[in-house]
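Asker: would you be able to build a 3D model of this:
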Amino acid sequence: DHPGQALLRVAAATPVPFQTALASGHAPDPAVARLVGSTSVPETPADRSSPDEGWVAAVSAAFDSTALPRPAPLWQPPLPERVDLGDLVGGAPSADEGVEGLVWGLADLVDEQRQGHARWYPAHGSLVVLGRGGAGRTTALRTLAVSALRAGRPVHVISATPWHFADLADREAFGTLAAAGDGRLAHRLLDLLRRESSAGLAARGNGPGGPPTHPSEMPPLLVLDDLPDLVRTLEARSRSAVEVLGAVVRASSGSGLAIAASAAPGSLGRELAAHLPRRLVLTAGDATAAVADGVPRAGLPLESNGL
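Answerer: Residues are numbered from 1 along each chain as shown. Predicted structure coming up:
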């Protein structure tokens, strides 16, 4: 009933009504506008089909007649459906990539009115990527692995679908690639990493010389793609194998081994989940499903094609 009225909701807060400015009435033909304090006379804009368009065109023409730079847009363009890691970080690998954090995507930085890198900082805690089948969990882990390898950081992978990582095996910093169903190889790799962590080799960069300045000096990244599947394999092998996995995950809580794992929502046991404090939840954008997958309701965007 009142043109120009709308509701604004920020996150999960109560919607607030507000009144927008309304340009109404028929603009003169042709409509001409001039900025306050300006002595220049803008060109007459082309005729427009609606009265409001005449006013908008006149104001735009007045601004174009000045030497003022165009203001930055309030909203950034929509995020692309597909992003190439090389396009984000540039063609040449840099050691700073692995020290500053591992890039895994492009993010809207709304408060800064720009788009920037989405990064995971292993030193702040190990990560678990949560999502249902087909949500992109393996793709997210593979991106993190590539980001680490680009910077020269050592990477080991245990995956339920190891063929998704097979082309990375010839990289200089790549270590072991094991199938989650290969309990023997997975157990050996986990036991090796456990012993290295216990001996303090993984924390060598935190000695008197200060924090590491190059990824090769940092603890390796262990990718556990489909962690619940690995747990089932190790349970079938032996109790000691499960205990080794638990010891490795616990060692990642401090400055030791960095772990990036994946799982379906609700499939991780409490003990493992407690030592994977960083969460990346991949969901289709449905609010109910997102909350069920672990996204705080207050953090839901008004509209989303994925989180």
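
Asker: where does the prediction get shaky in the stretch 1-150 of the chain?
Answerer: When residues are selected by pLDDT under 70, those of the stretch 1-150 of the chain lie in 1, 22-55, 90-100.

Asker: what about the helices in it?
Answerer: Using DSSP state H, counting those that start in this stretch, the helices of the stretch 1-150 of the chain run over residues 51-64, 85-89, 95-100, 137-150.

Asker: for the last one, what is the distance to the chain centroid?
Answerer: When you say that, I think you mean helix 137-150. The chain centroid and the centroid of helix 137-150 are separated by 12 Å under CA atoms, centre = their mean, to the nearest Å.

Asker: show me the contact partners of that helix.
Answerer: Applying CB atoms under 8 Å, 6 or more residues apart in numbering, the external contacts of helix 137-150 come out as 85, 89, 93-94, 97-98, 102-105, 120, 127, 129-131, 154-155, 157, 159, 161, 164-165, 168, 171, 173-174, 215, 221, 223, 225-226, 260-263, 280, 282. In this view, the C-beta of every residue, glycine as well, is placed from N, C-alpha and C.

Asker: same thing but 7 Å
Answerer: In this structure, residues lying in contact with helix 137-150 by CB atoms under 7 Å, 6 or more residues apart in numbering are 85, 93, 97-98, 102-104, 120, 129, 131, 155, 157, 161, 164-165, 168, 171, 173-174, 215, 221, 223, 225, 260, 262, 280, 282.

Asker: helix or strand next in line after that helix, which one?
Answerer: strand 155-159 (DSSP states H and E).

Asker: any residues touching the next helix or strand after that following strand, and which ones?
Answerer: Of the helices and strands lying after strand 155-159 in sequence (DSSP H and E), the nearest is strand 174-179. Identification of contacts with strand 174-179 by CB under 7 Å, 6+ apart yields 149, 154-159, 162, 165-166, 168-169, 185-186, 189, 220.

Asker: if we use 6 Å, what do you get?
Answerer: 154-158, 162, 165, 168-169, 185-186, 189 (CB atoms under 6 Å, 6 or more residues apart in numbering).

Asker: alpha carbons of it, in PDB - could you do that?
Answerer: Below are the C-alpha coordinates for strand 174-179, written out as PDB (Å, rounded to 0.1, in the frame of the first residue of the first chain):
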ATOM      1  CA  PHE A 174      53.800 -35.500  -1.800                       C
ATOM      2  CA  GLY A 175      54.300 -38.500   0.500                       C
ATOM      3  CA  THR A 176      52.000 -41.500   0.800                       C
ATOM      4  CA  LEU A 177      48.700 -42.100  -0.900                       C
ATOM      5  CA  ALA A 178      46.700 -44.900   0.700                       C
ATOM      6  CA  ALA A 179      43.200 -46.200   0.200                       C
END
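
Asker: so where is the stretch 201-307 of the chain shaky, pLDDT-wise?
Answerer: Within the stretch 201-307 of the chain, the ranges that satisfy pLDDT under 70 run 201-217, 253-256, 284-290, 292-307.

Asker: can you show me the strands along it?
Answerer: Ranges of strands in the stretch 201-307 of the chain, per DSSP state E, counting those that start in this stretch, are 221-225, 258-263, 278-282.

Asker: including mean neighbour count and distance to residue 135, could those go into TSV?
Answerer: TSV is the format used below for the strands of the stretch 201-307 of the chain (neighbours: other CB atoms under 10 Å; distance: least, CB to CB, whole Å):
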stretch	mean neighbour count	distance to residue 135
strand 221-225	27	13
strand 258-263	27	9
strand 278-282	18	4
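
Asker: of all these, which one is nearest residue 8?
Answerer: strand 278-282 (25.9 Å; CB to CB).

Asker: now do the closest one: distance to the chain's middle.
Answerer: Distance, centroid of strand 278-282 to centroid of chain: 9 Å (CA atoms, centre = their mean).

Asker: how much does that strand deviate in direction from strand 258-263?
Answerer: If you take axes from the mean of the first three to the mean of the last three CA atoms, to 10 degrees, strand 278-282 sits at 40 degrees to strand 258-263.

Asker: what is the orientation angle of strand 278-282 with helix 137-150?
Answerer: 130 degrees.

Asker: all good on my end, thank you.
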